[in-house]
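>>> okay, here's the prediction I keep looking at, along with the sequence it came from:
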Amino acid sequence: MNEEIFEFNVVTVDSHGQIIQRTRQQNKCIKEDLGEGVSLEMASIPGGTFLMGSPEDEEGTEPQEQPRHQVKIVPFYLGKYPINQAQWQLVASYPKVKYDLPPNPSEFKGLNRPVDSISYLDALEFCYRLSQKTGKPYRLPTEAEWEYACRAGATTPFHFGQTITTNLANYDGSFTYGAAPQGNKCEHTTEVAYFQVANTFGLYDMHGNVGEWCQSKYLPYPGGAEFINNQNDYWLDFKNCRVLRGGTWMGSATGCRSAARGCAEMEYRFSWVGMRVACS
């Protein structure tokens, strides 16, 4: 894969959500030509170790995000943006591998809006078709890869700092976080990279817009079962679920945190769920 350099804006906010620093940074990416003038840009994610999960004193933390534990990540590529509808429609026209794909499933139409209303199985088939077409191992990220990539070295609740505002991400701004003010309530998806703010890996829309399927099953973290009623009963209700990450256009600021975990049954489709692809 031939890598090229790309540039992007990174911001840091104070406890009130005001931007206190803005920098121009670089990373490497690969660009996959999907045909018909549509491409897929994949940012290079370096390997490393990080603490996965949330500290007990983080605002909005949930028991299923604990205990924090160290995870080692090997280098991989991750989409700079969620898969948009132009990409989806093109890949959906590729030959079937295992499952049928809806050609244009999104409730909120727009070629540069993220695809929405796709199931976990739809997302898998997208990766299968893309891999078959390109000969490269495209897949969904693991939950650990997703959080590591979202944090991009940050240990704060959000990659840009201690709080979040609707000037930086698409979520329900009637919910506040920390000392940040209330914001807009968009009630629909926005185009990918609409806010023109990335994390230090060059990834956009990691907080809000659409929740993103991960390949991982929704399971307790190592040693974490006792955090929920001191037993495993909580997890039995979710035994067939796959992880969703990133928060949504209709969700709260709390749900957009880097450590926030969601899940859904594999066959479910929601207008607030999309995907982002990884490549080993």
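Perfect, thanks for sending it.
>>> would you map the helices across the stretch 51-200 of the chain?
85-92, 120-134, 143-151 (DSSP state H, counting those that start in this stretch).
>>> which of these is buried the deepest?
Among the helices of the stretch 51-200 of the chain, helix 143-151 has the highest mean neighbour count (mean count of other C-beta atoms under 10 Å), at a mean of 24. C-beta: built from backbone N, CA, C; applies to glycine.
>>> what is the subsequent helix or strand relative to that helix?
Moving toward the C-terminus from helix 143-151, the next helix or strand (DSSP states H and E) is strand 211-217.
>>> list the buried residues for the helix or strand just after that following strand?
Per DSSP H and E, the first helix or strand lying C-terminal to strand 211-217 is helix 233-236. Buried residues in helix 233-236, defined by neighbour count with 16 or more other C-beta atoms under 10 Å: residue 235.
>>> ditto for stretch 61-76
Under the neighbour-count criterion of 16+ other C-beta under 10 Å, stretch 61-76 has 61, 62, 63, 64, 65, 66, 67, 68, 71, 73, 76 buried.
>>> measure the third one to residue 252 for me?
Distance, residue 63 to residue 252, by C-beta to C-beta, to the nearest Å: 17 Å.
>>> the helices of the stretch 51-200 of the chain into TSV, with extra columns for mean pLDDT and distance to residue 11?
What follows is these, written out as TSV (pLDDT from 0 to 100; distance: least, C-beta to C-beta, whole Å):
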stretch	mean pLDDT	distance to residue 11
helix 85-92	98	27
helix 120-134	98	30
helix 143-151	99	15
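>>> make CSV out of those and add distance to residue 42.
Listed next are those as CSV, based on distance: least, C-beta to C-beta, whole Å:
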stretch, distance to residue 42
helix 85-92, 12
helix 120-134, 11
helix 143-151, 11
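>>> out of those, which is closest to residue 43?
Residue 43 sits nearest to helix 143-151 of all those, at 8.2 Å, using C-beta to C-beta.
>>> quick one: contacts of that closest one?
Helix 143-151 is contacted from outside by 45, 48, 50, 52, 71, 73, 76, 78, 141, 159, 199, 201, 203, 206-207, 212, 214-216, 243, 245-246, 258-259, 261, 276, 278, using C-beta atoms under 8 Å, 6 or more residues apart in numbering.
>>> which residues sit against stretch 37-48?
Under C-beta under 8 Å, 6+ apart, the answer for stretch 37-48 is 3, 6, 27-34, 72-81, 86-87, 90, 130, 145, 148-149, 201-203, 277, 279.
>>> separation between the residue lying closest to residue 242 once chain neighbours are set aside and residue 266?
Among residues not flanking residue 242 along the chain, residue 120 sits closest, at 4.7 Å (C-beta to C-beta, 6 or more residues apart in numbering). Note on residue 120: its distance to residue 266, by C-beta to C-beta, is 4 Å.
>>> tell me the pLDDT at the nearest residue to residue 128 once chain neighbours are set aside?
Distances taken as C-beta to C-beta, 6+ apart put residue 97 closest to residue 128, at 3.8 Å, once the chain neighbours are dropped. Predicted confidence (pLDDT) for residue 97: 98.
>>> which phi and psi does residue 97 have?
phi -110, psi -60 (degrees, to the nearest 10).
>>> quick one: contacts for it?
Counting by C-beta under 8 Å, 6+ apart, residue 97 has contacts 125, 128, 129, 132.
>>> now swap in residue 188 and tell me
108, 249.
>>> now do 10 Å
If you count contacts by C-beta atoms under 10 Å, 6 or more residues apart in numbering, residue 188 has them with 107, 108, 110, 113, 116, 170, 209, 249, 250, 271, 272.
>>> any regions of the protein where pLDDT drops low?
1, 225-233 (pLDDT under 70).
>>> the longest strand in it is where?
strand 19-35 (DSSP state E).
>>> please tell me how far residue 130 sits from residue 45.
Using C-beta to C-beta, we find residue 130 at a distance of 18 Å from residue 45.
>>> ok, back up a step: quick one: which of the contacts of residue 188 is nearest to residue 220?
Closest approach between these and residue 220, by C-beta to C-beta: residue 272, at 24.5 Å.
>>> my guess is the closest one meets residue 106, correct?
No: if you go by C-beta atoms under 10 Å, residue 272 and residue 106 don't touch, sitting 11.2 Å apart.
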